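>>> sharing a model that was predicted from the sequence below.
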Amino acid sequence: MTLAIRSKSSRAVWALLFAAVLAVGGCSAEVSGNAIRTQPDLSQLDVGNYQSKPRQVGNAKNVKQARAREAQRLADYVILPYEADPSYVEDTWFARSHIVLNRKTLGNLVINDTFDDVAKDLVAGWVNAWATAPGAEDKRRTANIAVLMFPDAKTAQEAGPALEHDDFTYNPENQPVPITKHANTYAHWRPGTSSIGSWTVHDRYVVFVKVVDDASAPDLPALTGHVERLLDAQLPVLSTFQPTPAADLARIPLDPYGAMGRTLPSNPESPFRAEPDGYYTGRGAVTLFQRANPQTLPTLENSALEYVSFGDAVVFRSRTAKDANTLWEKWRLSKDVGEKEKLVDVPAALQDNAECKAEYLGSGDTRTLGGHICIFRVDRYVVQARSKQLPDLHQRISAQYALLTSA
């Protein structure tokens, strides 16, 4: 089965994701229980102008880059709303940045204009949003949850109530709502409107929850219950996160395990980029799926994947070559060719280890080429990449193959 996920550059790279980061050594090294693969002849690969040799990524170059990387680390500790309530079945934040460094990411949720002043000491944050299945007139309930990390508990204790106060006072019709189940929670709603917003201080974190229920009449006890269940699930998870020490944050390693050094980098200047290249170690991976659902994370967790890194291609490393082959067999493109799809040629050097497919939009005389996707396997790795033009995609996956197989 193949799932397409969010564009990472103007060349629109999509893929499947999950990560539990371990060391990324040369692919020719011996893997327990697997034979050593003969070093391939990379001279037969047409890589165009793409990066084809492993590189050293190093540490963060500036404060923004450091904070973004810390936000990606935090992503794996921000719950997916279905973990609190299985009625949430669809990720609604696709193709938008989940990284919160200022008000911009939360702009459609937090409408007051004082966020950046009140949260001036924000270190990093992450937001997820999922919705229930559409009902009558396509109406549904949406749960938004954001975790904002501050330098210490004292700063968070000051920021939380201030953020809620400004959110509360923005509309004179708002009324306070007690959330007694969780201490240090400040909430409000507007009677007659089926939504609720809350801010909870938890150690050095402020957890923002907003539930909008377009499918039901305004019901404050029900809305309060939704908030409480989300907090029930979120707060214990946060207690397991280990933030980067403040003294080390400015120079946080961007690639301590070498994953990004062997992943094709995307253009950081692309106007279509939602977030920087990186890797995840759990929940964060799910946010990159175009059609994530409650089975996505369990499926990935059961696939023996050790890490996933993403840039102009998405790289999955499994625990063993056998596990990678299982993943390949599950995702290979030839197993699922729809009416608007067609298998196409792969780079000659990859042959049986790769499959490519063209995808079309419309039908009949109005049918147009939407783009191409390729997937390949090598050793413990399975890779997916996309491009509008097939020759470009061949060069891209050839370069990614070289990155993974170079000594």
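Yep, it's here. Quick caveat: nothing in here was measured; it's all calculated off a predicted structure.

>>> just the strands in the stretch 1-150 of the chain please.
88-91, 99-100, 124-132, 141-149 (DSSP state E, counting those that start in this stretch).

>>> to clarify, my last question referred to the stretch 301-407 of the chain.
Going by DSSP E, counting those that start in this stretch, the stretch 301-407 of the chain shows strands at 305-310, 314-318, 341-344, 354-361, 368-378, 381-387.

>>> low pLDDT regions in the stretch 1-150 of the chain?
1-41 (pLDDT under 70).

>>> ah, wrong one, I meant the stretch 301-407 of the chain
Ranges of the stretch 301-407 of the chain meeting pLDDT under 70: none found.

>>> for the strands of the stretch 1-150 of the chain, give me TSV that also has distance to E341 and mean neighbour count.
Placement of C-beta: from N, CA and C, glycine included. Formatted as TSV, the strands of the stretch 1-150 of the chain follow (distance: least, C-beta to C-beta, whole Å; neighbours: other C-beta atoms under 10 Å):
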stretch	distance to E341	mean neighbour count
strand 88-91	23	21
strand 99-100	33	24
strand 124-132	28	25
strand 141-149	31	24
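
>>> nearest to K342, of those?
strand 88-91 (28.6 Å; C-beta to C-beta).

>>> what lines up beside that closest one in the sheet?
strand 124-132 (antiparallel) (DSSP bridges).

>>> picking that back up, export the strands of the stretch 301-407 of the chain to CSV and tack on distance to P191?
Below are those laid out as CSV (distance: least, C-beta to C-beta, whole Å):
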stretch, distance to P191
strand 305-310, 44
strand 314-318, 46
strand 341-344, 50
strand 354-361, 45
strand 368-378, 46
strand 381-387, 47
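
>>> let's have those in JSON lines, adding mean neighbour count.
Formatted as JSON lines, the strands of the stretch 301-407 of the chain follow (neighbours: other C-beta atoms under 10 Å):
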{"stretch": "strand 305-310", "mean neighbour count": "25"}
{"stretch": "strand 314-318", "mean neighbour count": "27"}
{"stretch": "strand 341-344", "mean neighbour count": "14"}
{"stretch": "strand 354-361", "mean neighbour count": "18"}
{"stretch": "strand 368-378", "mean neighbour count": "20"}
{"stretch": "strand 381-387", "mean neighbour count": "26"}
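
>>> ok so, going back, what's the closest of the strands of the stretch 1-150 of the chain to L369?
The nearest among the strands of the stretch 1-150 of the chain, by C-beta to C-beta, is strand 88-91 at 27.0 Å.

>>> related to what we said a few turns ago, need the strands of the stretch 1-150 of the chain in a markdown table (columns: distance to Q400).
Below are the strands of the stretch 1-150 of the chain laid out as a markdown table (distance: least, C-beta to C-beta, whole Å):
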| stretch | distance to Q400 |
| --- | --- |
| strand 88-91 | 26 |
| strand 99-100 | 25 |
| strand 124-132 | 27 |
| strand 141-149 | 33 |
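
>>> among the ones you listed, which is nearest T405?
Closest among the strands of the stretch 1-150 of the chain, using C-beta to C-beta: strand 99-100, at 31.8 Å.

>>> which residues does that closest one contact?
By C-beta atoms under 8 Å, 6 or more residues apart in numbering, the residues outside strand 99-100 that reach it are 68, 71-72, 105-106, 122, 124-127, 146, 148, 275.

>>> can you do 10 Å?
The contact list for strand 99-100 (C-beta atoms under 10 Å, 6 or more residues apart in numbering) reads 67-72, 74-75, 78, 105-106, 115, 119, 122, 124-127, 146-149, 208, 274-276, 278.

>>> out of the strands of the stretch 1-150 of the chain, nearest to P218?
The nearest among the strands of the stretch 1-150 of the chain, by C-beta to C-beta, is strand 141-149 at 12.3 Å.

>>> packing partners for the closest one?
The helices and strands touching strand 141-149, judged by 3 or more C-beta pairs under 10 Å, 6 or more residues apart in numbering; DSSP states H and E, are helix 63-75, strand 88-91, strand 99-100, strand 124-132, helix 153-169, strand 195-202, strand 205-213, helix 220-238.

>>> can you list those in TSV and add distance to I179?
As requested, the helices and strands packed on strand 141-149 are exported to TSV (distance: least, C-beta to C-beta, whole Å):
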stretch	distance to I179
helix 63-75	23
strand 88-91	19
strand 99-100	22
strand 124-132	19
helix 153-169	11
strand 195-202	6
strand 205-213	9
helix 220-238	6
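
>>> for stretch 94-106, list every residue counted as buried.
F94, S97, H98, I99, V100, L101, R103, T105, L106 (16 or more other C-beta atoms under 10 Å).

>>> surely the second one is in contact with K104?
Yes: in terms of C-beta atoms under 10 Å, S97 counts as a neighbour of K104; the distance is 8.2 Å.

>>> name the nearest residue to E355, ignoring sequence neighbours.
Counting by C-beta to C-beta, 6 or more residues apart in numbering, L333 is the residue found nearest to E355 once chain neighbours are left out, at 4.3 Å.

>>> of all the strands of the stretch 301-407 of the chain, which one is nearest T155?
Of the strands of the stretch 301-407 of the chain, the one closest to T155 (C-beta to C-beta) turns out to be strand 305-310, at 32.0 Å.

>>> what's that closest one packed up against?
Contacts defined by 3+ C-beta pairs under 10 Å, 6+ apart place strand 305-310 against strand 278-280, helix 283-286, strand 314-318, helix 321-331, strand 381-387.

>>> D214 is nearest to which of the ones you listed?
D214 sits nearest to helix 283-286 of all the helices and strands packed on strand 305-310, at 23.8 Å, using C-beta to C-beta.

>>> summarise which helices and strands that closest one is packed against.
Packing partners of helix 283-286 (3+ C-beta pairs under 10 Å, 6+ apart): helix 63-75, strand 124-132, strand 278-280, helix 296-301, strand 305-310.

>>> and the angle for the first one with strand 141-149?
It refers to helix 63-75. 120 degrees (axes from the mean of the first three to the mean of the last three C-alpha atoms, to 10 degrees).

>>> next: the second one.
Interaxial angle of strand 124-132 relative to strand 141-149 (the same axes, to 10 degrees): 170 degrees.

>>> how far is strand 124-132 from where the chain is centred?
Averaging C-alpha positions (C-alpha atoms, centre = their mean, to the nearest Å) puts strand 124-132 10 Å from its chain's average.
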